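S.K.: Give me a 3D structure for the following:
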Amino acid sequence: MSNNYNIPFRKILLFFILTISLVSQISAIIISEIEINPANGKTGKEWVEIYNDENKDIDISGWSLWDGLTSEKKRYTFPENTEIKEGDFYVVEFSNVLNNGGDFVIFKDDNGKIKDKTENLKEESASSKTWQFCNGEWIFDEQTKENDNECKKESNDEESNAGNNVNETNDEEDNNYTGEEIKNINAPKSLSPIKLGAKTIKSEENKELPIKKYAIYGLIGFGILISLLLFFRNKKYKTEFK
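M.R.: Reported below is the predicted structural model:
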C-alpha cells in the first residue's frame, strides 16, 4: 500500500516543482508610466517608461514599443546590448506619435510576444499629468518620471477630465496633417532612450507590489500544505496496516 501511495505523491511533487520553475521564469517587465500629451503640446516630448520588476537583469535587445487603436504600428525598437537592471527602468522619448484622443501602448519581446499592454488611455488636454500603473490599474496624476509612482487614488471625475477637457485647437491641428507629415509620424522622430535610476512601484498604502513574489510564496505554501496532508495520510495508512 505504501508503494502505491508514493506514485501519486511523486506526481504531485513533480507538478509542484515544475510550476515553481515556470513561475520563476515569468518576465515582470511592465509599462509603468506614459506621457501622452505633454504640457508644452507639440513642442513637448511624449514618453513611455518601462520598469523591470524582476529580481534579475533582463536583456531587451530587439524588443519593441507599439501603439494603435485599430492597427498596431511599431514606434521603437530597443537597440542591441540594451539591458534593464533589476529594479531599474528605461524611458523612451518621442514626438507627436501617441494619439491624444485615445491609444494603446504595447510592449513586445524580440519574438513578437506581447509582454504588456495598456488600457485605451487618452489625454486630450496638454498637461503635466501622466498615466501611471498603480495597484493593478491606471491612474491619471502628476508625472513621476524620475521618482516613485505615488499611486494616490484619483476620483472618477478627475480621471475622466483627462479625456473630457477637449482642446479644440489641438484637435484641429491633429486632423490637418499633410501626407508627408503622416509619413513622418509613422516613422517617429527624435527617439531618445533615457536610462534612469531604480524605481519602486508602490501601492495605495505606499507598499511595494512584488506580484510575482506573492505568486511564488502562494505556490510554496500550497505545496507545503499538500505535503503535510499526504505525510499524515501516509502515516495513518501505515498505522492501520500494522
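S.K.: name the element the closest residue to G62 other than its chain neighbours belongs to?
M.R.: Computed as CB to CB, 6 or more residues apart in numbering, the closest residue to G62 that is not its neighbour in sequence is D110, at 3.4 Å. From N, CA and C alone the C-beta is placed, and that goes for glycine too. When secondary structure is defined using DSSP states H and E, no element contains D110, which sits outside every helix and strand.
S.K.: tally of neighbours for D110?
M.R.: 13 (other CB atoms under 10 Å).
S.K.: Next: the one 3 residues further on.
M.R.: Neighbourhood size, K113 [other CB under 10 Å]: 9.
S.K.: before we move on, back to that, quick one: contacts for the residue nearest to G62?
M.R.: Taking CB atoms under 8 Å, 6 or more residues apart in numbering as the criterion, D110 is in contact with S61, G62, W63.
S.K.: Same list, those, but as a markdown table with pLDDT and neighbour count please.
M.R.: Below are the contacts of D110 laid out as a markdown table (pLDDT from 0 to 100; neighbours: other CB atoms under 10 Å):
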| residue | pLDDT | neighbour count |
| --- | --- | --- |
| S61 | 97 | 12 |
| G62 | 97 | 14 |
| W63 | 98 | 22 |
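S.K.: Among these, find me the one that's closest to N100.
M.R.: Taking CB to CB as the measure, N100 lies nearest W63 of the contacts of D110, at 25.3 Å.
S.K.: check contacts around the closest one.
M.R.: If you count contacts by CB under 8 Å, 6+ apart, then W63 has T77, F78, T82, F107, K108, D109, D110, K115 around it.
S.K.: Narrow the residues you listed to those that are buried.
M.R.: With burial judged by 16 or more other CB atoms under 10 Å, the buried subset of these is F78, T82, F107, K108, D109, K115.
S.K.: Got phi/psi on C151?
M.R.: Geometry field for C151 lists phi and psi as phi 60, psi 40, criterion degrees, to the nearest 10.
S.K.: What residues are bridge-paired with the closest residue to it other than its chain neighbours?
M.R.: Nearest residue to C151, sequence neighbours excluded (CB to CB, 6+ apart): C134, at 3.4 Å. Using DSSP bridges, the bridge partners assigned to C134 are E137.
S.K.: and C134, how many residues sit next to it?
M.R.: Other residues near C134 number 23, with proximity taken as other CB under 10 Å.
S.K.: Ramachandran coordinates for N100?
M.R.: Given degrees, to the nearest 10, the pair of backbone angles that N100 has is phi -60, psi -30.
S.K.: The one 5 residues further on now?
M.R.: Dihedral pair for V105: phi -120, psi 130, per degrees, to the nearest 10.
S.K.: what's around it, how many residues?
M.R.: Using other CB under 10 Å, V105 is surrounded by 21 other residues.
S.K.: Equivalent analysis for E46, please.
M.R.: Applying the criterion other CB under 10 Å, we find 22 residues in the vicinity of E46.
S.K.: How about the one 5 residues further on?
M.R.: Other residues near Y51 come to 25 when the count uses other CB under 10 Å.
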